[in-house]
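Visitor: just need the structure, nothing else, for what follows:
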Amino acid sequence: MSAPKVLFGFHAVGVRLKTAPRSIIEIYYEPTRRDARMRQFLEKAAESNVRLIEADGMRLAKLAGSHGHQGVAARVEIIPQTHSLDDLLDGVTGPVLLLVLDGVTDPHNLGACLRVADGAGAHAVIAPKDHAVGVNATVAKVASGAAETVPYFMVTNLSRTLGELKERSIWCIGTSDDAPKTIYQADLTGSVALVLGAEGAGMRQLTRKTCDDLVNIPMKGAVESLNVSVASGVCLYEALRQRG
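Guide: Model prediction:
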């Protein structure tokens, strides 16, 4: 059995409490925080018969590995991913929308990308097993619950996976500063996988070559690029806009 993991913050713990309360081993909370948000949270935890343990701020920070715990942390069982990427795609009705991240190693960026993917209705986020960050407590906190709702697949060979997506008639569109057309000129109404690289380095060369098309995000100011989570939001919501 896998070792338990830690979630912290109201959103991350609250979504697990809502979707899989039996997977929560125990919740630690700061008793000195007595505002309405904490009271409501504790009432929901009590209704689900989750074990509640009082803990001071230092203990919570040590448990969470962060001082941004908001007075709440939980030890939870890891919920295994029940579907493979192929199983998930087989079950999608209508156009597929995927976010592919190549080389995103910062947990704050991944958390923000998962959050925007959830908001835009993306079916999954895909990343390589190497040169990428997995879902940890910081990712879950920043994702505000989206780490529990958006499937995140880490694949052994990203270019091969893109090739398999193309075999399913999923158009792979990469983002690059030197692309000849903008994201707004691309047709995103069909099944698409939007491929973004890490800020600065961008996509790896093999990933870039595997894409069907390349687009840029217009930059009108002095800065040369956007944070990858912001760029993901621009691209995903343009797809959402085009799909009506």
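
Visitor: all contacts plus neighbour counts: C-alpha atoms, from now on.
Guide: Will do.

Visitor: can you tell me how far the residue of the chain most remote from its centre is from Val50?
Guide: Distance from the C-alpha centroid of the chain, by C-alpha atoms, centre = their mean, peaks at Thr32 (31.8 Å). Remark: distance between Thr32 and Val50 (C-alpha to C-alpha, to the nearest Å) = 20 Å.

Visitor: with Cys172 instead?
Guide: 44 Å.

Visitor: who's more crowded, those two?
Guide: Per other C-alpha atoms under 10 Å, whichever of Cys172 and Val50 has more neighbours is Cys172, with 23 against 18.

Visitor: for that one, pull up the helix or strand it's in.
Guide: strand 171-175 (DSSP states H and E).

Visitor: show me what that strand is packed against.
Guide: In terms of contacts (3 or more C-alpha pairs under 8 Å, 6 or more residues apart in numbering; DSSP states H and E), strand 171-175 is packed against helix 158-167, strand 192-197, strand 213-216.

Visitor: hmm, who's touching stretch 197-207?
Guide: 101-105, 158-159, 175-176, 196, 225-228 (C-alpha atoms under 8 Å, 6 or more residues apart in numbering).

Visitor: any chance of these in TSV, with distance to Val139, neighbour count and pLDDT too?
Guide: Listed next are the contacts of stretch 197-207 as TSV, based on distance: C-alpha to C-alpha, whole Å; neighbours: other C-alpha atoms under 10 Å; pLDDT from 0 to 100:
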residue	distance to Val139	neighbour count	pLDDT
Leu101	14	27	97
Asp102	16	25	96
Gly103	15	21	89
Val104	12	27	93
Thr105	11	15	91
Leu158	21	21	96
Ser159	25	19	95
Thr175	23	25	95
Ser176	25	20	93
Leu196	18	26	97
Ser225	23	17	81
Leu226	20	14	89
Asn227	16	12	92
Val228	14	21	94
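
Visitor: phi, psi of the residue farthest from the centre of the chain?
Guide: phi -80, psi -20 (degrees, to the nearest 10).

Visitor: contacts for the strand holding Cys172?
Guide: So strand 171-175 is contacted by 162, 165-166, 190-197, 208, 211-217 (C-alpha under 8 Å, 6+ apart).

Visitor: can you list the domain ranges for this structure.
Guide: 5-76, 85-242 (automatic domain parsing).

Visitor: next one: the last one to chain centre, how far?
Guide: The reference is to domain 85-242. Average the C-alpha atoms of domain 85-242, do the same for its chain, and the two points are 10 Å apart (C-alpha atoms, centre = their mean, to the nearest Å).

Visitor: end to end, how far does that domain reach?
Guide: The first and last residues of domain 85-242 sit 25 Å apart, counting by C-alpha to C-alpha.

Visitor: go on, stretch 100-107?
Guide: First residue to last in stretch 100-107 (C-alpha to C-alpha) measures 15 Å.

Visitor: give me the low-pLDDT residue ranges for the protein?
Guide: 1-2, 81-82 (pLDDT under 70).

Visitor: quick check, central residue of this protein?
Guide: The residue lying closest to the centre of the chain (C-alpha atoms, centre = their mean) is Leu114, at 1.9 Å.

Visitor: so who does that residue touch?
Guide: 125, 143, 146-147, 150.

Visitor: quick one: it from Lys181, how far?
Guide: For Leu114 relative to Lys181 (C-alpha to C-alpha), the value is 26 Å.
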